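J.: model this:
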Amino acid sequence: MDEQKNNLITVGIPFYNKTNPRYFVESVDSIVKQTFQPLKIHLIQDGPISDDLTRIIKKYKNNYRSLFEIIVLNKKGLPYALNQSIYQTTTKYYARMDSDDIAFKTRLEEQVSYLEKNIDVDILGSWAKEFDKNTIERKYFINRRPIEKSRIVEYFHYKNPLIHPTVVFRMSVFNKIGFYNEKFYTDQDLELWGRALKYRVGISNIQKPLLYFRTQGRQKRRSRFSAIKRQIIARYSYNTMSIKLNMLKIAAIIFRLLPEKFRLWGYKYLR
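T.: Predicted coordinates for the structure are as follows:
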């Protein structure tokens, strides 16, 4: 893709005090080394951080002065942090990225190209290669997500139709559906997809992995009762008359109530 078009996209990477410094560097470097350079990379600091992380972000800012914007915030959670980054975005597209995942080198190029060719799509994800250890060279699982509209709607009721850190938004979509709900400290993506479906926004997934997705610790973070309550609210924000999908929706909620060892087993073997 033409290098002069690199003003099309901004990438937001939120991080906080418990962010692993080594994972953070791997994540940020994977965006810096993209075949299609973003106009800006927002490093979104959610609250006070460690000295190690402070040194890392200073180094990035010194080495790439025009590329990085450091957004320093009081600790108010992920949806608030993402919204502050989105408010400051001036490009056509906005890409999500987590501070412990690793983007494929062509991720931005492929997603921007897809969105430029498919003007009916406003929210675009991809598949991901999941790994749970310290290196992507270990065994991984390919996490697939659907492309057909009917399957995306179906997935919403019992799974998640998009892998959040793979998502690129067309910035104009926020005028249609609003921003992240800052009361949803977890499942803020699912709640947003519910609004997108309600407003008939175009959602799609590139049918190949464009991200190495680190699963270590994610299921444990999602198990708290308050998180389960938010998932229930999110899933029922866009309802269905289908008996089958309502049963699957209930099953998905019950699954979150299971002890951690059973959830981890299910996450590994029942997908």
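
J.: Now do the strands in the stretch 1-150 of the chain.
T.: 9-15, 40-46, 68-73, 93-96, 102-103, 123-131, 141-143 (DSSP state E, counting those that start in this stretch).

J.: okay, the ones you listed in a markdown table with mean pLDDT, distance to Ile57 and mean neighbour count next?
T.: Bear in mind the C-beta positions are built from the backbone N, C-alpha and C, glycine included. Putting these into a markdown table (pLDDT from 0 to 100; distance: least, Cβ to Cβ, whole Å; neighbours: other Cβ atoms under 10 Å) gives the following:
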| stretch | mean pLDDT | distance to Ile57 | mean neighbour count |
| --- | --- | --- | --- |
| strand 9-15 | 99 | 8 | 25 |
| strand 40-46 | 98 | 5 | 22 |
| strand 68-73 | 98 | 6 | 15 |
| strand 93-96 | 99 | 19 | 24 |
| strand 102-103 | 98 | 18 | 25 |
| strand 123-131 | 96 | 25 | 23 |
| strand 141-143 | 92 | 29 | 15 |
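
J.: Nearest approach to Tyr158 belongs to which of those strands?
T.: Ranking these by proximity to Tyr158 (Cβ to Cβ) places strand 141-143 first, at 15.3 Å.

J.: strands paired with that closest one, and their directions?
T.: Strand partners for strand 141-143, identified by DSSP bridges, are recorded as strand 123-131 (antiparallel).

J.: distance between the partner strand and the chain's centre?
T.: Remark: strand 123-131 is offset 9 Å from the chain centroid, using Cα atoms, centre = their mean, to the nearest Å.

J.: any idea where the helices of the chain begin and end?
T.: Secondary structure of the chain (DSSP state H): helices at 21-32, 51-63, 78-87, 107-117, 149-158, 173-177, 188-198, 218-221, 225-235, 243-257, 260-269.
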